[in-house]
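Trainee: any chance you could fold what I've pasted below:
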Amino acid sequence: MGTRKYIIKTQDCPTSEINQEHLNLKKYTSELNPEQFNAVSTTEGYVLVIAGAGTGKTKTLTYRVSYLIELGIPAWQILLLTFTRRAAQEMMTRAAALGQASCANIQGGTFHAFAHKILRQYAHHIGLNENFTMLDQPDAADVIDLVRTELGFNKKEKRFPKKKTLLQIISAARNKDLPIELILEASYPHFLDYAQEIDTLKKSYDAYKRANHLLDFDDLLFELYRLLTQYPEQGHQITSQLRYIMVDEYQDTNLIQARIVGELAKVHQNLMVVGDDAQSIYSFRGANYKNILDFPAQHPDCTIIKLETNYRSTQQILDLTNVLINQAKEKFAKKLISASPVGSELPAIVSAPNEQFQSQFIVQRILECREEGTPLRDIAVLMRNSRDSFGLELELGKANIPYVKYGGQKIVEAAHIKDFVAYLRVLNNPSDIISWNRILQLLDGVGPKTAGALIEWIKQSPTPYQLNQANVSQKYLSSLKALSALFDALNQPDYPLSSISDSLFKYYHPLMKITYPDDFPKREKDMENFLSLIQNYTSLTDLLSDMALDPVDLSAMETIGMHKDEDPVVLSTIHSAKGLEWHTVFLINTLDGILPSRYAVLEPSQLDEELRLMYVALTRAKMELYITYPIVSKHHRDDNFMSNPSRFISNLPEHLYDRLWLVMESSHTRQPGIDGPTAKKQLSDKKPTEMIKNPSDDLPF
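Mentor: Numbering: from 1, shown residues only. Modelled structure (predicted):
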């Protein structure tokens with residue numbers, strides 16, 4: 001008996017014939033510039049869209065989704081991969097608002113969310129448990145710690161890497177497709193002697209995850225790639241349905257993501273990747289900017305489209321940033337042109353005598369901007385490292401300026417939320433040993449040793465929720481009975497998630513009060529936020545997946561200096577600011593050794609990434625841009641030293657910016673209530689803080 005494959009033809013026609021006469025071209029040509037329309041209407045084959053900062057990339061992708069739907073392409077045949085779930089939802093919602101309601105039904109989301117969805121569907125084909133548990137990064141680090149202890153690597157004579165460092169090393173090796181030894185040589189040379197042990201730990205970590213039905217973030221991608229490449233029948237089922245694929249922020253993809261994209265597009269070969277090589281800043285996460293630079297070589301017949309009309313910044317800002325990024329060694333040549341009216345201000349490079357002057361200038365200028373009509377929420381202070389803003393935060397506090405700082409802990413990373421989620425995860429997967437370990441140690445008197453003994457019993461027991469049957473000391477029996485009764489009540493078919501969360505909260509609330517007595521009210525507020533969030537879900541599996549794949553930032557623990565009557569100024573690392581924009585932007589501490597980092601100056605590719613990082617920061621500004629640095633800095637040993645401005649700004653043509661030199665206002669001219677730096681007058685009468693191009697004799701440095 002032979003087997004044959006029979007192809008079911010799709011009901012729609014080739015794209016060139018589908019509803020072309022009914023296509024409302026005016027809707028697209030009137031709303032898009034020629035570059036954008038070219039990207040939207042070029043539907044066939046491989047397409048590379050180089051989308052400069054502020055050039056309407058999201059709008060272009062949104063209209064392309066609508067265009068494909070209007071051509072008659074079924075929504076389920078379109079895939080849009082992004083790097084945040086919010087980005088995908090925004091694009092699909094906006095596309096649906098264009099009049100194509102079915103746009104909301106296209107396949108879309110982050111790489112990890114798409115992989116998660118596919119693996120849930122095909123898990124049994126590739127030897128995975130359909131009820132596998134997703135590990136977020138802290139949980140993955142805990143698993144590594146457990147494996148490290150089992151192997152005895154925590155008892156080395158010399159310091160062995162900590163669990164988070166081990167996770168970073170292992171993840172980097174997988175995502176960069178390099179041996180552990182090469183990762184250590186490049187980034188962790190002080191641990192090079194442990195290369196063999198770390199490699200052994202990696203293998204044991206993988207085995208532990210497989211045995212306990214656990215997947216970490218990296219596993220999602222690698223298991224999807226394994227499904228696509230090693231299981232031809234299932235792989236073809238997936239790829240044959242995906243007729244049009246779009247990938248946002250392609251410069252941020254890593255090797256495995258690029259390979260997945262290549263496999264997904266193999267059948268129909270209609271792939272559009274969109275990105276900007278000048279904004280590739282995530283190599284520390286494994287992103288490979290070569291993916292976008294090498295795309296034309298990998299697909300010689302691809303169409304290259306450049307979006308160069310900028311809708312965000314003034315031409316003065318773009319003139320400076322165009323010259324700045326031209327210093328990069330590897331790049332796609334492009335020149336951004338502003339579609340906005342020409343602004344009145346050049347960007348300013350601000351030299352401050354010291355870090356306190358720098359902070360005082362920023363505070364004074366923020367207050368001036370507010371008086372001029374710029375809301376505080378439309379002002380941002382960006383920095384290379386989170387610690388760079390500590391002095392500024394003190395000055396903002398003195399001036400009673402509310403601010404919020406981006407780049408902090410997510411709500412699901414807070415200890416009390418992780419406690420609560422651990423109960424949910426055990427309910428979803430009784431083999432989740434890490435979550436068992438967490439909730440057992442919340443019981444009165446139960447420490448690591450007792451928890452470990454209970455976990456060994458759980459592994460062997462056919463009824464793991466019946467903890468009162470475990471052979472442990474009678475002093476724990478009451479607590480174990482209460483926990484068993486809880487799981488008995490919750491482990492019922494069709495029990496609503498809202499009821500589960502309410503019951504869990506009643507059980508956990510007194511434990512939380514005992515465990516975290518110092519700041520219990522704030523943690524209680526967090527729980528209120530989290531319980532409200534749960535109301536949006538009916539599936540426990542979906543909730544847990546989203547918590548791991550796309551953590552939500554709702555934590556009351558992380559709200560800093562918020563005023564109820566006014567939205568705050570934003571403080572943010574540059575990495576956290578990517579994709580955002582503000583009327584006024586300050587980039588602080590632009591010093592050699594900080595931006596670029598002192599660790600990058602000897603490696604050309606890393607130096608290029610530091611340049612791109614500065615470019616991302618500067619292109620967040622719409623109307624006003626200030627690049628500041630202190631001339632004298634303070635070392636961690638509290639001794640002062642002369643610093644050098646970033647090499648990236650040292651050689652910029654002087655006609656592209658104004659130079660501000662800060663001096664302290666003399667006592668005989670100081671106005672009541674004003675105490676801070678100012679600048680000598682030469683160019684403008686518009687602001688109390690004014691500009692000169694050359695330092696005068698009375699400067700204090």
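
Trainee: going forward, measure contacts and count neighbours with C-alpha atoms only.
Mentor: Fine.

Trainee: got a list of contacts for the helix or strand hosting residue 115?
Mentor: Secondary structure from DSSP states H and E places residue 115 in helix 111-122. Residues outside helix 111-122 that contact it (Cα atoms under 8 Å, 6 or more residues apart in numbering): 81-83, 108, 130-131, 217, 220-221, 223-224, 234, 257, 549.

Trainee: how does it look with 6 Å?
Mentor: In this structure, residues lying in contact with helix 111-122 by Cα atoms under 6 Å, 6 or more residues apart in numbering are 130, 220, 224.

Trainee: low pLDDT regions in the stretch 601-701 of the chain?
Mentor: Where the stretch 601-701 of the chain drops to pLDDT under 70, the residues are 634-642, 665-701.

Trainee: ok so, going back, TSV for the contacts of helix 111-122, including neighbour count, distance to residue 187 and pLDDT?
Mentor: Output for these, formatted as TSV (neighbours: other Cα atoms under 10 Å; distance: Cα to Cα, whole Å; pLDDT from 0 to 100):
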residue	neighbour count	distance to residue 187	pLDDT
130	14	37	80
220	21	25	93
224	25	28	96
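
Trainee: tell me which of those fall in helices.
Mentor: When DSSP state H defines the helices, the subset of those inside them is 220, 224.

Trainee: nearest to residue 164 among the contacts of helix 111-122?
Mentor: When those are ranked by distance to residue 164 (Cα to Cα), residue 220 comes first, at 19.3 Å.

Trainee: hang on, the earlier thing: figure out how far the helix holding residue 115 is from the centre of its chain.
Mentor: Centroid separation between helix 111-122 and its chain, computed with Cα atoms, centre = their mean, to the nearest Å, is 19 Å.

Trainee: and stretch 121-129, by the same measure?
Mentor: 29 Å.

Trainee: straight-line length of that stretch, end to end?
Mentor: End-to-end distance of stretch 121-129: 11 Å, with Cα to Cα, to the nearest Å as the criterion.

Trainee: for the helix or strand that contains residue 420, buried residues please.
Mentor: Under the criterion of DSSP H and E, residue 420 resides in helix 415-428. Buried residues in helix 415-428, counted by 16 or more other Cα atoms under 10 Å: 416-428.

Trainee: next helix or strand past that helix?
Mentor: Next helix or strand after helix 415-428 toward the C-terminus (DSSP H and E): helix 433-440.

Trainee: ok, residues contacting that next one?
Mentor: The contact list for helix 433-440 (Cα under 6 Å, 6+ apart) reads 422, 451.

Trainee: if you set the cut-off to 10 Å instead, what comes out?
Mentor: Here helix 433-440 makes contact (Cα atoms under 10 Å, 6 or more residues apart in numbering) with 135, 139-140, 142-143, 146, 212, 214, 418-427, 429-430, 446-448, 450-452, 454-456, 458-459, 479-480, 483, 508.

Trainee: please point out which parts of the longest strand along the chain sit buried.
Mentor: Identified as the longest strand of the chain according to DSSP state E is strand 621-634. Neighbour-count burial for strand 621-634, counted by 16+ other Cα under 10 Å, picks out 621-633.

Trainee: how about stretch 87-100?
Mentor: The neighbour-count check on stretch 87-100 (16+ other Cα under 10 Å) flags 87-88, 91-96, 100 as buried.

Trainee: low pLDDT regions in the stretch 151-300 of the chain?
Mentor: For the stretch 151-300 of the chain, the stretches flagged by pLDDT under 70 are 156-158.

Trainee: please tell me how far the closest residue in space to residue 604 that isn't next to it in sequence sits from residue 650.
Mentor: Here the nearest residue to residue 604 in space, its sequence neighbours aside, is residue 329; by Cα to Cα, 6 or more residues apart in numbering that works out to 8.0 Å. Counting by Cα to Cα, the separation of residue 329 from residue 650 is 17 Å.

Trainee: count of neighbours near residue 398?
Mentor: By the criterion of other Cα atoms under 10 Å, residue 398 has 10 neighbours.

Trainee: give me every residue that touches it.
Mentor: Counting by Cα under 10 Å, 6+ apart, residue 398 makes contact with 363, 392.

Trainee: quick one: the strands in the stretch 1-150 of the chain?
Mentor: Taking DSSP state E, counting those that start in this stretch, the strands of the stretch 1-150 of the chain run over residues 46-51, 78-82, 107-110, 133-134.

Trainee: adding distance to residue 349, write those out as CSV.
Mentor: Formatted as CSV, those follow (distance: least, Cα to Cα, whole Å):
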stretch, distance to residue 349
strand 46-51, 27
strand 78-82, 35
strand 107-110, 38
strand 133-134, 47
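
Trainee: which stretch among these comes nearest residue 589?
Mentor: Among the strands of the stretch 1-150 of the chain, strand 46-51 comes nearest to residue 589, with 28.5 Å by Cα to Cα.

Trainee: average pLDDT across that closest one?
Mentor: Taken as a whole, strand 46-51 carries a mean pLDDT of 96.

Trainee: just for the stretch 351-500 of the chain, where's the confidence low?
Mentor: Per-residue confidence for the stretch 351-500 of the chain (pLDDT under 70) gives these ranges: 407-413.

Trainee: would you map the strands across the stretch 151-300 of the chain?
Mentor: 214-215, 244-247, 271-275.

Trainee: closest to residue 567 out of the ones you listed?
Mentor: Of all the strands of the stretch 151-300 of the chain, it is strand 271-275 that lies closest to residue 567, at 31.4 Å by Cα to Cα.

Trainee: ok so, going back, wasn't the residue nearest to residue 604 part of a helix?
Mentor: No. Counting by DSSP: H, G, I helix; E, B strand; the rest coil, residue 329 is not part of a helix but coil.

Trainee: looking at it, it is touching residue 277, isn't it?
Mentor: No. Residue 329 is beyond contact range of residue 277, at 11.6 Å (criterion: Cα atoms under 10 Å).

Trainee: the two: which is more packed in?
Mentor: Shown here are residue 329 and residue 277; by other Cα under 10 Å, residue 277 has more neighbours (25 against 10).

Trainee: list the contacts of the more buried one.
Mentor: Going by Cα under 10 Å, 6+ apart, residue 277 touches 50-52, 249-252, 289-293, 330-333, 609, 612.
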